[in-house]
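1. Sequence plus predicted model, see below.
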Amino acid sequence: MPRIPVPGQSGGNGGGGAPPADPAVWAKPRVEPAASEACRYLCAGVHMDGEYRAKVLDELYVHEERFTAPSFGIDAARVLAHALHARRLELAWGLGFLLFWVVSTLLTGWLFILLALPCLLLAMGKALTRRTGETAQASAARTLGSTALRWYGRILLAIVLLVLLGTAFGDPGGESPREALDGLPGADLFTPLTDSGTGSGGDTEKRDAWLTLFLFLVPLPVAVGLQRGQFARLMRGPLSAQHFPNAAADPAEGPMGRRADRTKQQIRQEQHAPLIMYHTDNPFRGAGGAFDTWTLAVELRPREDASPRPVDNRTILDTIHGLVDNLKIPAGGHSSPEQAEGVRDRLRELHVDECVFMPAEGVPGRYGVAYDPASFAVLSAAAVEEGGESRRHFLRIRVGGWHEELVVTVFVRVHTQGGMLMLEIAPHVLPPVDRKFCDADRTAHDYAQAGPFGKVFSALTASPSAAALNLAALVRWIGSTKELLTSDKRRALPDGPAVSVREAGTGPEVSLFQEMDVLRYLRSIQDRVTDGVKVSLYEAGWRTAEFEQKVVNVSGGTYIDSAHNSAFTFGANSTATTNNTAGTGGTGGTGTTSNAGANNGSS
């Protein structure tokens, strides 16, 4: 059997000037999660999207009894800090808009309230377009509803403004706006309120109409423009690519109160820890969607030319670890790490560690779990050989591509029992951040570079829906505050994470280049994992023919017996090959090839 290079031996690259055997010499340092582009985009997302911000606050701030999901390539505590910062700004603007509506309504003899319904319809139409990750049918229905609401709101707003203009320029003794709008579908919801106005004369109606038009067309757009300018300054300041790595200068990282500071400290202790407290309905929450999860079972048979030795889980995992680490070594026969600096392959930033999954149910309290290295070493040593059901030990292999936006994680578990070797591989793919969050820089740049006419026009067109959306922020704040005051989640029974901040901020689309990178990372890692098992078995004196027969390399990838339980797939031409060989000799089995989408169900 051809020998596979083992860590510590020479010849890792082949060719002249072989590189050092230690992959750490060739590894490139990974970007700090708190300074990654993915983390920056999510921090921008909590300012842009109220729905996403509400998810972050509910999961990380309100439900203090829940453990934090693993945060791959980001710092969830910093995202929470910006969510709290955005909520404070949103609350201030919401109170300001509420005061503006109340004062304007009283000053105009309740005539200003006639504009509430079209503004509400436009805000509802805009809110419907914000949700992603739905089926095509649901998305089409939502788009249709959004379009209908927006157009009806625009038509109703145009009618109200025309009536107000007619009153302002018309005969003082003519028809009042309340009478002109009487009978219009939907508009009569607010006309009873306007009937209680104090003004009833023609001159009073003209004055109220003029004042309503002025307040709606001047102060309201100005407020919306100032709000947009505030976001543009934020994106060109603390959240810019130049300033974001300096977390100490981030205004959102300042003191936010005892509860927030305590929560942020706990999140930073849990999110990157090798001990993962999971929820039973989704143990791998935070890692993305499953991609061709498979399990292999092979009987251990001694080789005729060797005396077999017992092989345990630790030995096999250590061999796999070493072979996977060698993927950090750049190809091409570079004689020194300095000459390899031009190699920007993300596999040089590959990270391999061990993790233990523990169910959150039954733990006395969230704040009593030990995450120190010494405690985890004891836990890991006990879990690696036990093969338990709820407590599981995995070798975790992670590659963060596209500035930590595309994360590929492969969980490997090995167990030997009753003369059988079980190999479990669970690859997961975390898609890129939502495209609208990534466009935050472009949005801020376009606003800053727009001329006066462009800024005025955008503020005028956005002010009706913005006026209602800012009031909706007050409703969200009231609901969140009510839950905080009425329930002490800190003393509730601990629970696993229900939402991953990183997963909640992903978009539905993956580019072709990203698909190709995912497949390349997975092919490289899976090949090294299977090689590690073969090396361990061979060196311990066991046959490897049956294992090799079950590992089938095809153009579509490497699959073991069958690909199943996949919830995330790339491409329409992936193939799965089944090879059911029972023996170790030359008796062949039957092989079938089918489209992966038919077996796995792409999403």
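-> Here it is on my side, so go on. Numbers count the residues shown, from 1 in each chain.

2. Quick check: which ranges of this protein have low pLDDT?
-> The model of the chain has pLDDT under 70 over residues 1-21, 129-136, 171-202, 332-337, 339, 552-603.

3. so how far is stretch 390-406 from its chain's centroid?
-> For stretch 390-406, the gap between its own C-alpha mean and the chain's C-alpha mean amounts to 14 Å (C-alpha atoms, centre = their mean, to the nearest Å).

4. Quick check, residue 384 in contact with residue 392.
-> No. If you go by C-beta atoms under 8 Å, residue 384 and residue 392 don't touch, sitting 9.9 Å apart. C-beta coordinates here come from the backbone N, C-alpha and C atoms, glycine included.

5. What strands line up against the host helix or strand of residue 298, and which way round?
-> Using DSSP states H and E, residue 298 sits in strand 294-299. As defined by DSSP bridges, the strand partners of strand 294-299 come to strand 420-430 (antiparallel).

6. Next secondary structure after the partner strand?
-> helix 435-438.

7. And that next one, what does it pack against?
-> Packing partners of helix 435-438 (3 or more C-beta pairs under 8 Å, 6 or more residues apart in numbering; DSSP states H and E): helix 37-48.

8. contact partners of the next helix or strand after the helix it packs on?
-> Next along the chain after helix 37-48, taking DSSP H and E as the criterion, comes helix 50-57. Applying C-beta atoms under 8 Å, 6 or more residues apart in numbering, the external contacts of helix 50-57 come out as 45-47, 79-80, 83-84, 86-87, 90, 127, 130-131, 469, 472-473, 476, 480, 499, 501, 504-505.

9. just the strands in the stretch 151-300 of the chain please.
-> 275-278, 289-290, 294-299 (DSSP state E, counting those that start in this stretch).

10. same deal with the stretch 351-500 of the chain?
-> Using DSSP E, counting those that start in this stretch, strands in the stretch 351-500 of the chain cover 351-359, 392-401, 406-417, 420-430.

11. Let's have these in JSON lines, adding mean neighbour count and distance to residue 516.
-> Formatted as JSON lines, the strands of the stretch 351-500 of the chain follow (neighbours: other C-beta atoms under 10 Å; distance: least, C-beta to C-beta, whole Å):
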{"stretch": "strand 351-359", "mean neighbour count": "17", "distance to residue 516": "21"}
{"stretch": "strand 392-401", "mean neighbour count": "24", "distance to residue 516": "11"}
{"stretch": "strand 406-417", "mean neighbour count": "23", "distance to residue 516": "11"}
{"stretch": "strand 420-430", "mean neighbour count": "21", "distance to residue 516": "13"}
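
12. Out of those, which is closest to residue 273?
-> strand 351-359 (8.4 Å; C-beta to C-beta).

13. so where does the spatially closest residue to residue 268 that is not a sequence neighbour fall, helix or strand?
-> Distances taken as C-beta to C-beta, 6 or more residues apart in numbering put residue 77 closest to residue 268, at 4.9 Å, once the chain neighbours are dropped. Per DSSP H and E: residue 77 is located in helix 76-107.

14. what angle separates that helix from helix 37-48?
-> Counting by axes from the mean of the first three to the mean of the last three C-alpha atoms, to 10 degrees, helix 76-107 lies at 20 degrees to helix 37-48.

15. Show me the contact partners of stretch 531-541.
-> Identification of contacts with stretch 531-541 by C-beta under 8 Å, 6+ apart yields 1, 4, 6, 300, 302-303, 306-311, 315-316, 319-324, 414, 421, 423, 543-544, 547-548.

16. now, which of the residues you listed lie within helices?
-> With DSSP state H as the criterion, helices contain 315-316, 319-324, 547-548 from among the contacts of stretch 531-541.

17. farthest pair in those residues?
-> Most distant of those, by C-beta to C-beta, are 321 and 548, 21.2 Å apart.

18. Between these two, which has more neighbouring residues?
-> A count of neighbours by other C-beta atoms under 10 Å puts residue 321 above the other of residue 321 and residue 548, at 19 against 16.

19. Which residue ranges make up the domains of this protein?
-> Each domain of the chain is listed here as a residue range: 34-244+436-504, 289-430+510-600, per automatic domain parsing.
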